[in-house]
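K.L.:
next one to model:
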Amino acid sequence: MFLPNDVIQYARPLRTIRILWIAPDRLLACTFELGLPHSQPRMVAPHVLADDVLTGRARLLADDPYAAPAPSPLLPQKYRDLQAKAWDIVAGLHAHVPALYLPRERAALVAACAAAHGVSRPSVLRYLRRFWERGQTVDALVPDYGNSGAPGKTRGANAGVKRGRPRKSGDHPGPNTDAAMRATFRAAVARYTATHPGFSRRAAYRQMLQDYYRDRPPADLPSFGQFNYWLDKDGSHAVAVQQTMSR
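P.N.:
Residues are numbered from 1 along each chain as shown. Next up, the predicted model:
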């Protein structure tokens with residue numbers, strides 16, 4: 001019923017998972033919860049996932065709201081070099097599947113990989129999570145930042161410096177939009193779309209604040225402008241509209 005990279009969404013509680021791997025005998029699968037900064041692979045029996053979908057507790061998404069977009073043909077060479085380095089690391093680790101999905105084995109593999117490539121273990125884990133989060137493609141490993149001030153490109157964030165115009169309220173400048181926040185935006189759109197017949201940006205934004213930022217201080221809350229901008233930038237709005245129209 002399922003294929004590797006399928007995305008399944010649950011409504012209660014709201015969560016979205018990706019199937020990373022399915023054993024050849026189809027008795028075991030590995031899943032990864034999306035939209036969480038410290039998510040870990042989890043082994044599960046495929047028949048459990050199938051029962052969830054068949055009974056309506058979950059649904060198989062036709063479109064992947066977390067898939068990495070194709071990089072711009074104008075992507076600077078240094079970013080392509082970083083992508084290639086990350087891909088070399090990730091591809092090497094995936095030669096050890098399914099051991100890579102087991103916590104103890106993964107820790108040993110990551111440590112050995114970090115030493116062999118001369119990078120830190122957190123960097124290796126960041127590459128893996130980015131790969132699993134964004135669709136398990138080479139495009140998933142394109143860096144999130146672009147040349148500052150370049151038209152049509154994502155600006156990099158400097159510590160303590162807020163990108164974009166100041167908020168009209170004149171209060172907290174708010175956080176910069178990083179990869180984790182963009183993933184939250186995509187997850188919020190997917191969750192709102194799963195439970196509402198029509199799509200409203202304002203309503204989806206309010207629901208996101210309730211679901212993901214309920215106990216956060218005002219300085220940590222993304223603005224509607226940020227949410228609105230990245231919906232278009234990442235193509236999330238088009239996916240949401242398509243899904244609501246297809247019902």
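K.L.:
only C-alpha atoms from now on, for both contacts and neighbour counts.
P.N.:
Noted.
K.L.:
Arg18 is in contact with Gly35, isn't it?
P.N.:
No. If you go by CA atoms under 8 Å, Arg18 and Gly35 don't touch, sitting 10.6 Å apart.
K.L.:
give me the common contacts of these two.
P.N.:
In terms of CA atoms under 8 Å, 6 or more residues apart in numbering, Arg18 and Gly35 are both contacted by the residues Glu133.
K.L.:
which of the residues in the helix or strand containing Ser123 are buried?
P.N.:
Mapping Ser123 onto the secondary structure by DSSP states H and E places it in helix 121-133. Burial within helix 121-133, assessed by neighbour count using 16 or more other CA atoms under 10 Å, is assigned to 121, 124-133.
K.L.:
before we move on, what about stretch 227-235?
P.N.:
Counting neighbours by 16+ other CA under 10 Å, one finds that the buried residues in stretch 227-235 are 227-228, 230-231, 234.
K.L.:
tell me the spacing between Ala68 and Phe32.
P.N.:
Computed with CA to CA, to the nearest Å, the distance linking Ala68 and Phe32 is 16 Å.
K.L.:
who has more neighbours out of those two?
P.N.:
The neighbour comparison of Ala68 against Phe32 (other CA atoms under 10 Å) goes to Phe32, with 23 against 20.
K.L.:
excluding its backbone neighbours, what's nearest the more buried one?
P.N.:
With CA to CA, 6 or more residues apart in numbering as the measure, Pro41 is the residue that lies nearest to Phe32, at 4.8 Å, once sequence neighbours are left out.
K.L.:
what number of residues lie near that neighbour?
P.N.:
Here the neighbour count serves as a burial measure; for Pro41 (other CA under 10 Å) it reads 21.
K.L.:
quick one: residues contacting it.
P.N.:
Pro41 touches 30-33, 101-102, counting by CA under 8 Å, 6+ apart.
K.L.:
so which helix or strand takes in Met43?
P.N.:
strand 42-44.
K.L.:
quick one: Arg130 from Arg216, how far?
P.N.:
The spacing between Arg130 and Arg216, counted by CA to CA, is 25 Å.
K.L.:
I meant Gln207, not that one.
P.N.:
Looking at Gln207 against Arg216, where the rule is CA to CA, the gap reads 14 Å.
K.L.:
neighbour-wise, which of those two wins?
P.N.:
Neighbour totals were compared for Gln207 and Arg216, and Gln207 leads with 17 against 10 (other CA under 10 Å).
K.L.:
for the more buried one, what are its contacts?
P.N.:
Applying CA under 8 Å, 6+ apart, one finds that Gln207 lies in contact with 188, 192.
K.L.:
pretty sure it sits in a strand.
P.N.:
No. Counting by DSSP: H, G, I helix; E, B strand; the rest coil, one finds Gln207 to be helix, located in no strand.
K.L.:
okay, and which of the contacts of Pro41 map to strands?
P.N.:
30-33 (DSSP state E).
K.L.:
select from the residues you listed the one having the most neighbours.
P.N.:
Thr31 leads those on contacts (other CA under 10 Å) with 27 neighbours.
K.L.:
in its sheet, what does the longest strand along the chain sit against?
P.N.:
Among all segments of the chain classified by DSSP E, the strand with the greatest residue count is strand 14-22. Here the strand partners of strand 14-22, with direction, are listed using DSSP bridges: strand 7-11 (antiparallel), strand 29-33 (antiparallel).
K.L.:
tell me which of these sits nearest to Arg57.
P.N.:
Nearest to Arg57 among the strands paired with strand 14-22 is strand 7-11; the distance by CA to CA comes to 6.2 Å.
K.L.:
who touches Tyr213 in this structure?
P.N.:
Residues Leu221 are the ones in contact with Tyr213 under the rule CA under 8 Å, 6+ apart.
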